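In: sequence unknown, structure follows:
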């Protein structure tokens, strides 16, 4: 079930390389080999993920498979103040290129800052595109209005449009931004105006935290309050609400009807929305990833989607 981004055949799920083995700089050769055998060749990393880029870069060099993988990374993460400026951008790009020891398929601005000089920032990434060090560029945690503005600037200057967007999307709504910083994180979950934009434009959409940081993996049960402690503080902050527990109850009902799991139904929901969707999964279990790949082969029925979204 391969898809395409910029002409390259890629897996329908991206492996999120923000898990502890990557961040701590451990040897992930076996893990990456197993994921690659499953067909995973789309990798999500970032300058802000500690040693993640170095780990991924070493594996690519070891396996000599650069032409068979698609790597996107991100930079200008606020620490904690905005770093959406030319100096930070050049610094982060150079650091990422050195860490990965190869070109970058797509470079994303990690967070937005509405006060930045967007034309100047886009001109810099286009310098790197012209030099062959970056193949394309995109954004992470940007609203559709900001994506539209960026594309207008690109068109005015004869540059390629935004090639990729990475925002949160799940079957449940954020209560609040789990991390913050800069203009914060952006979730389009249950936001029909944002969703309609990506349905219309079909920009590759990398949905990070598609299982709500564990809230939609089956760890939490809608009727069993003690399971709420199975998720971390960021997940509780972002997703814990009476409304989301009601939605979880509906997902559990759909899972029982389909003889499936909460996690599988949650992923199937995402690929049922008509977006050019790529869930970003940070699992370190090849078996779990195999299950995820099987799940997204079959979108939910219209009736099941309506049930999950019903009031």
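Out: Right, received. Where do you want to start? All of these numbers come straight from a predicted model, not from anything done at the bench.
In: from here on, contacts and neighbour counts on C-alpha atoms
Out: OK.
In: residue ranges for the strands of the protein, please.
Out: Remark: strands assigned in the chain by DSSP state E are 3-5, 8-10, 14-16, 42-44, 70-75, 106-109, 137-140, 165-168, 205-208, 277-281.
In: Need the per-residue pLDDT for the closest residue to residue 172 other than its chain neighbours.
Out: Excluding the flanking residues, the one nearest residue 172 by C-alpha to C-alpha, 6 or more residues apart in numbering is residue 244, at 5.8 Å. On pLDDT, residue 244 comes in at 97.
In: Check residue 80 too.
Out: Confidence score, pLDDT, at residue 80: 84.
In: Over to residue 1?
Out: According to the prediction, residue 1 has pLDDT 69.
In: thinking again about what came up before, shouldn't the residue nearest to residue 172 be in contact with residue 173?
Out: Yes: using C-alpha atoms under 8 Å, residue 244 is in contact with residue 173, at 7.0 Å.
In: Quick check: buried residues in the helix or strand of the chain with the lowest mean pLDDT?
Out: The weakest-scoring helix or strand in the chain, judged by mean pLDDT, DSSP states H and E, is helix 233-239 (a mean of 92). By neighbour count on 16 or more other C-alpha atoms under 10 Å, the buried set for helix 233-239 is 235, 236, 238, 239.
In: Could you find the residue nearest the spatial middle of the chain?
Out: Nearest to the mean C-alpha position of the chain, by C-alpha atoms, centre = their mean, lies residue 208 at 3.2 Å.
In: Show the contacting residues for that one.
Out: By C-alpha atoms under 8 Å, 6 or more residues apart in numbering, the residues touching residue 208 are 166, 167, 168, 169, 279, 280, 281.
In: shaky segments in the stretch 101-250 of the chain?
Out: Along the stretch 101-250 of the chain, the model assigns pLDDT under 70 to residues 180-182.
In: show me where it has helices.
Out: Using DSSP state H, counting those that start in this stretch, the helices of the stretch 101-250 of the chain run over residues 118-130, 144-156, 192-201, 233-239, 242-257.
In: Residue 244 and residue 173: who's more crowded?
Out: Each of residue 244 and residue 173 has its neighbours counted (other C-alpha atoms under 10 Å); residue 173 has more, 21 against 18.
In: gap between the more buried one and residue 248?
Out: Distance check for residue 173 against residue 248: by C-alpha to C-alpha, to the nearest Å, it reads 11 Å.
In: How about residue 216?
Out: On the measure of C-alpha to C-alpha, residue 216 and residue 248 end up 7 Å apart.
In: Many thanks, we can stop here.
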